[in-house]
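Participant: Let's see this in three dimensions:
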Amino acid sequence: MKKAISIILSVLMIITSFSFCITALAFKTADVERTQIGTSDTYYEFDAETKTLTLSGSGAIPNMLNDDTSQPWGTWRSDGSIEKVVIEEGITGIGNYVLFYVSAKEIQLPSTLKTIGSYAFAETTKVQSIKIPFGVKSIGVSAFENCISMTEVDIPDTVTIIAKNTFKQCYKLENVVIPHSVTSIGNYAFHRCSVLSSVKFESLSTLEKIGSYAFQNCPMLTELTVPAYATVGKLFYGVNDSGTKYADASMKLFSGSQAIAYAKTKGIPFTLLDEIPLELGAVNNDEFVDDTVSNSVDYSFTPETSGVYNIYSTGEVDLTAVLSDENGKLLESDDISKDNLNFCLTYDMEAGRKYVITVSSVRSVGEYSIIVYPDEIESVQTKGSLAFNAVDSAVEGDKRIFDINDDMLNDFILDINFAVGFSDKIYYENKYFDNRMIEIADKQREEPFTCGDNISYIAIGDVESPFGVFIEHSYEEEVIPYTVDDDGYSVFTCILCNDNYKDNFVPTPAVTVSGKAVLMEKPDGTHSDDIPYPYATFFANERTYFIDENGNWSVNTFDDLDLVFENENGTNVSVHIDVDGEDVEFGEVAFEGYDFNRDKRVNAKDFAIFLKQKKKKLGEDYWKYAYNFF
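Facilitator: So this is what the prediction gives:
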């Protein structure tokens, strides 16, 4: 009996445990409406049908911790609920731990992104590829650690540091290109990337540091070319976790580099390089110091496509350069101009042929850079826009001109397409570039801006790229005071485009006095038929008013009125009206209308004038009351 009870309890415990397990792994089946993340200007929402987590808003998604309270999706981040993450345009930063342990297979990053925090994507074990957008400058510690399904990553040449543990234990990462912008690779950065077989440095003169264990336990990485001036940490390459050398590990090194001592100590075979190879668009930094000012540095370039290329320098060092191939010297270049001591070699090069560029200092020390680009630029697209208020302009003659300067364009990205099929992205700078200048092409004096959308241009030599400039209205106020006839108001007129509107209405305090002009039917003023009499004008407030065809009249006033009606067919009429702040309906004002000759009598002469001059205008029936006035 006891044994049976024990078995039953054990089964219940298993069932209970299983039910807890099922609950813990339950999918998120309900949508989440757009919800603010903390006090930031960023938001998240979840579509349960498409299993998509969307992060939106503006600015940086705040730092989080690895817990359910800090990470809003913490309880359902890894159970399969989230298959896709979309981070929308406008997000500039992804804070620490934001997507830590999220099980998404796909992550889309916005072009507005600038920073990625520590552990931001760590343990996203199903994502297979990451394209870090151009513009990202900072990537935090362990940002992509343990992304065990990731086979490829695209690092832009805006990143300057690959931090500690960044890609540690990305077991399926096969190859990586280290952009020329990177100056430091941290400890354990690619540790235990067990199928990593290719590491290419875009520049072999710019990198300054490779940290300890950076490429340790990467058994498939059988060859590594170490940049010329990089310091290297302990066990950084060619060994397993115990420090034992891989049998097929080898290195390509530069004479005098620190990595030579490392290779000798570990017994890693190496070959020495005489030249620093150049890649299209890669900035290769170097320096002449007092001890090396008499030396020269050799660079090499092997184009993949035949065409004209520019190999040039930037910096404050006075340089000369000689271009040669296996047949000898081809071209020599000294100063670009009197105020620019750099060189530019422009040459029509053959695909697959190696060209050597020997750079020397003219008794000058300092830092410089060597860059190579195709000469022919097919097109340039600009990402970026400006906005002004109309008042930001300055008056030049009959035009308003907006100051567009280089500082405003610091974050503008130029996407440059070259004739040989190469393309590159760079930030806008007013600088020498590819044997020409990058500068603002301001056409406002020929094509003045107006309010709304406008176009300005960036030029690389004679190739122009448009970008948008939006001008917001700027209004000046003109106050129109009220009168006896009209309300007061303000007129707001745009100083640039003359768009205008009225606002701030102030009702006039004037009252309206109205009445009706009628024909007098008997000399005592009787007007029982109230025949409209539109044949008089009247004067008030030093203005002339008119009676309409139905005999109605009105006038606005602030004060008591003395009206004088000028009667064209008889005696003038004067009326005094008291005003007490309210509209006045005065009633009828009767006019004697038959003294056409204005002699203060109605007689046959007036009848004769009626027949000859007035009948057509006044009508036959008009005279019917005239005999009352004979």
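
Participant: hey, let's count contacts and neighbours off CA atoms from now on
Facilitator: Fine.

Participant: list the contacts for Val153?
Facilitator: Ser129, Ile130, Lys131, Ile132, Leu173, Val176 (CA atoms under 8 Å, 6 or more residues apart in numbering).

Participant: Now do the SS call for the nearest residue to it once chain neighbours are set aside.
Facilitator: Ranked by CA to CA, 6 or more residues apart in numbering and with sequence neighbours excluded, the top spatial neighbour of Val153 is Ile130, at 4.9 Å. With DSSP: H, G, I helix; E, B strand; the rest coil as the basis, Ile130 sits in strand.

Participant: Tell me the bridge partners for Ala321.
Facilitator: According to DSSP bridges, the partner residues bridging Ala321 are Ser333, Val359.

Participant: okay, the contacts of Val153 in a markdown table with distance to Asp503, neighbour count and pLDDT next?
Facilitator: Output for those, formatted as a markdown table (distance: CA to CA, whole Å; neighbours: other CA atoms under 10 Å; pLDDT from 0 to 100):
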| residue | distance to Asp503 | neighbour count | pLDDT |
| --- | --- | --- | --- |
| Ser129 | 57 | 17 | 96 |
| Ile130 | 54 | 17 | 95 |
| Lys131 | 52 | 14 | 96 |
| Ile132 | 50 | 20 | 97 |
| Leu173 | 65 | 24 | 98 |
| Val176 | 63 | 18 | 98 |
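
Participant: what stretches of this structure score poorly on pLDDT?
Facilitator: 1-26 (pLDDT under 70).

Participant: for it, what spans make up the helices?
Facilitator: Using DSSP state H, the helices of the chain run over 2-24, 259-266, 604-609, 615-618.

Participant: what residues are up against Leu113?
Facilitator: Gly90, Ile91, Thr92, Gly93, Ile94, Pro133, Gly135, Val136.

Participant: Closest to Ala604 out of the residues you listed?
Facilitator: Nearest to Ala604 among the contacts of Leu113, counting by CA to CA, is Gly90 at 93.6 Å.

Participant: quick one on the thing from earlier: let me know whether the residue nearest to Val153 touches Ile107 as I believe.
Facilitator: Yes - under the criterion of CA atoms under 8 Å, Ile130 makes contact with Ile107 at 7.2 Å.

Participant: returning to what we had before: of the contacts of Leu113, which is the most crowded?
Facilitator: Ranked by the number of neighbours (other CA atoms under 10 Å), the contacts of Leu113 place Ile94 first, at 27 neighbours.

Participant: How many neighbouring residues does the nearest residue to Tyr622 once chain neighbours are set aside have?
Facilitator: Distances taken as CA to CA, 6+ apart put Lys615 closest to Tyr622, at 7.9 Å, once the chain neighbours are dropped. As a burial measure, Lys615 scores 16 neighbours (other CA under 10 Å).

Participant: where's Lys615 relative to Leu519, distance?
Facilitator: 16 Å (CA to CA, to the nearest Å).

Participant: what's the answer for Lys425, then?
Facilitator: In terms of CA to CA, Lys425 sits 89 Å off from Leu519.

Participant: More neighbours: the two, which one.
Facilitator: Between Lys425 and Leu519, Leu519 has the larger neighbour count (other CA under 10 Å), namely 26 against 19.

Participant: so who does that one touch?
Facilitator: Here Leu519 is in contact with His527, Asp530, Ile531, Pro532, Tyr533, Ala590, Phe591, Glu592, Gly593 (criterion: CA under 8 Å, 6+ apart).

Participant: Quick check, the third one in contact with Lys516.
Facilitator: No - counting by CA under 8 Å, Ile531 does not reach Lys516; the two are 9.8 Å apart.

Participant: Neighbour count: those two, which is higher?
Facilitator: Neighbour totals were compared for Ile531 and Lys516, and Lys516 leads with 22 against 17 (other CA under 10 Å).

Participant: That one and Trp553 touch, don't they?
Facilitator: Yes - checked against CA under 8 Å, the pair Lys516 and Trp553 is within contact range at 5.9 Å.

Participant: what about stretch 602-617, start to end distance?
Facilitator: Start-to-end, stretch 602-617 (CA to CA) is 19 Å.

Participant: Would you mark the buried spots in it?
Facilitator: Val602, Asn603, Asp606, Phe607, Phe610, Lys614, Lys615 (16 or more other CA atoms under 10 Å).

Participant: Residues contacting it, please?
Facilitator: Tyr594, Asp595, Phe596, Asn597, Tyr622, Ala626, Phe629, Phe630.

Participant: list the contacts for the residue nearest to Phe236 when sequence neighbours are not counted?
Facilitator: In this structure, Phe236 finds its nearest non-sequential neighbour in Tyr213, 4.0 Å apart by CA to CA, 6+ apart. Contact analysis of Tyr213 by CA under 8 Å, 6+ apart lists Asn187, Tyr188, Ala189, His191, Gly233, Lys234, Leu235, Phe236, Tyr237.

Participant: Just the buried subset of those, please.
Facilitator: Asn187, Tyr188, Ala189, His191, Gly233, Leu235, Phe236, Tyr237.

Participant: ok, of those residues, which one's closest to Thr166?
Facilitator: Looking across the buried ones among the contacts of Tyr213 and measuring by CA to CA, the closest to Thr166 is Ala189, at 5.0 Å.

Participant: so that closest one touches Ile161, yeah?
Facilitator: No - contact criterion CA under 8 Å: Ala189 and Ile161 do not qualify, at 10.4 Å.

Participant: ok, the closest residue to Glu521 other than its chain neighbours - how many residues close by?
Facilitator: Counting by CA to CA, 6+ apart, His527 is the residue found nearest to Glu521 once chain neighbours are left out, at 5.1 Å. Neighbours of His527 under the rule other CA under 10 Å: 17.

Participant: same question, the one 10 residues further on
Facilitator: Using other CA under 10 Å, Thr537 has 17 neighbouring residues.

Participant: Which strand residues bridge it?
Facilitator: Residues in beta-bridge contact with Thr537 (DSSP bridges): Phe546, Glu566.

Participant: sorry, back to before: ok, the contacts of Leu113 vs Gln71, which is closest?
Facilitator: Closest approach to Gln71 among these (CA to CA): Ile94, at 12.6 Å.
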